[in-house]
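Visitor: Okay, here's the prediction I keep looking at, along with the sequence it came from:
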Amino acid sequence: MTTSTQRLIGILVMAVVMVSAAVTARAETVLITGSNRGIGLAFAKAYAEKGWTVIATARNPEEADELKALAAKHPTVVPERLDVTNETEIKTLAAKYKGKPIDVLLNNAGIGDFTGGATLGAFDAKLFQRVMNTNVLGPLLVSQAFIENVAASGQKKIVAITSLTAALGQTLRKQVRRDHTYYYSTSKTALNMAMKTLAAEVRERGVIVAIVHPGGADTDLLRSAYGGKSPATARTPDEVVAGMIKIIGERTLENSDQVIGYDGKTLAW
């Protein structure tokens, strides 16, 4: 092999390394809470198909068969254990990913109050606290733990999934269980305020906070709210997630903290 040939090979190898490094540098990362089913799983699928690194968290990832199948299909999907009400688990996961930029931190995990008791004369303080801890405090604790990861990323976005029922002017449909609206709706209204407050605090760091709602998505949560069957107008999780990903991509510091739907319409909550 001649010296000139060796030099040519060296140049080609270096070029391949540089291209590979550039591609790696451009790879974006999303961390999603509640990725085992419904909207969270649909988000994980969509971002994986876009080529993103997906840190897909769930309370019991070893029991999340669909998530495990997704990870088997897409090596960039990494299932992780995370209960958003468990501060120790949050801190442990944050320590594991210390120094890793996270472009989109997606606070999706949430619960409803479907066991009954959320009616006048039968309020359940423990259930109310559980809903508030999961739907409001959880996203704040997760955002707090991963703020440095988000600030170090290219997109710098924190996202919270809210609900149409959080709007004070929203007319409750007759089909919706009344014991669904007290705790869940209150928690989502509180989440909106929490995220707007967070947006004001992190704005100077260039971090964008997006508050988005999926409308009526055919999930276990929606079916529970309607007595076991989703309304005919419900859309699939894949449909609403496609819309929300577009909205998330369009969020800037100028329109940070607005409450906006998967369809692009701003919600006056």
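Guide: Now that the structure is in, tell me what you want to look at. Small disclaimer: the values here were computed from a predicted structure and weren't measured.
Visitor: So in this structure, where's the weakest helix or strand by average pLDDT?
Guide: helix 3-26 (a mean of 51; mean pLDDT, DSSP states H and E).
Visitor: Give the rounded mean pLDDT of the following helix or strand past that one.
Guide: Sequence-wise, the next helix or strand downstream of helix 3-26 (DSSP states H and E) is strand 29-32. Throughout strand 29-32, pLDDT has a mean value of 98.
Visitor: hmm, who's touching strand 29-32?
Guide: 40, 43-44, 47, 52-57, 97, 100-106, 108, 146, 149, 153 (Cβ atoms under 8 Å, 6 or more residues apart in numbering). Glycine gets a C-beta too; all of them are placed from N, C-alpha and C.
Visitor: if we go to 6 Å?
Guide: 40, 43-44, 47, 52-56, 102-106, 108 (Cβ atoms under 6 Å, 6 or more residues apart in numbering).
Visitor: how about the spatially closest residue to residue 245 that is not a sequence neighbour, secondary structure?
Guide: In this structure, residue 245 finds its nearest non-sequential neighbour in residue 46, 5.8 Å apart by Cβ to Cβ, 6 or more residues apart in numbering. Assigned by DSSP: H, G, I helix; E, B strand; the rest coil, the conformation of residue 46 is helix.
Visitor: Give me the neighbour count for residue 46.
Guide: 18 (other Cβ atoms under 10 Å).
Visitor: repeat for residue 108
Guide: Applying other Cβ under 10 Å, we find 24 other residues in the vicinity of residue 108.
Visitor: Please verify my assumption that it contacts residue 38.
Guide: No: the criterion here is Cβ atoms under 6 Å, and residue 108 misses it with residue 38 at 8.5 Å.
Visitor: so where's the stretch 51-200 of the chain uncertain?
Guide: Across the stretch 51-200 of the chain, the ranges flagged by pLDDT under 70 are 114-117, 169-181.
Visitor: what's in contact with stretch 158-166?
Guide: For stretch 158-166, contacts defined as Cβ under 6 Å, 6+ apart pick out 105-108, 139, 143, 150, 170, 185, 188-189, 191-192, 195, 209-211, 213, 248, 269.
Visitor: all helices of the protein, in order?
Guide: Using DSSP state H, the helices of the chain run over residues 3-26, 38-49, 65-73, 87-96, 125-132, 138-151, 178-202, 220-225, 237-250.
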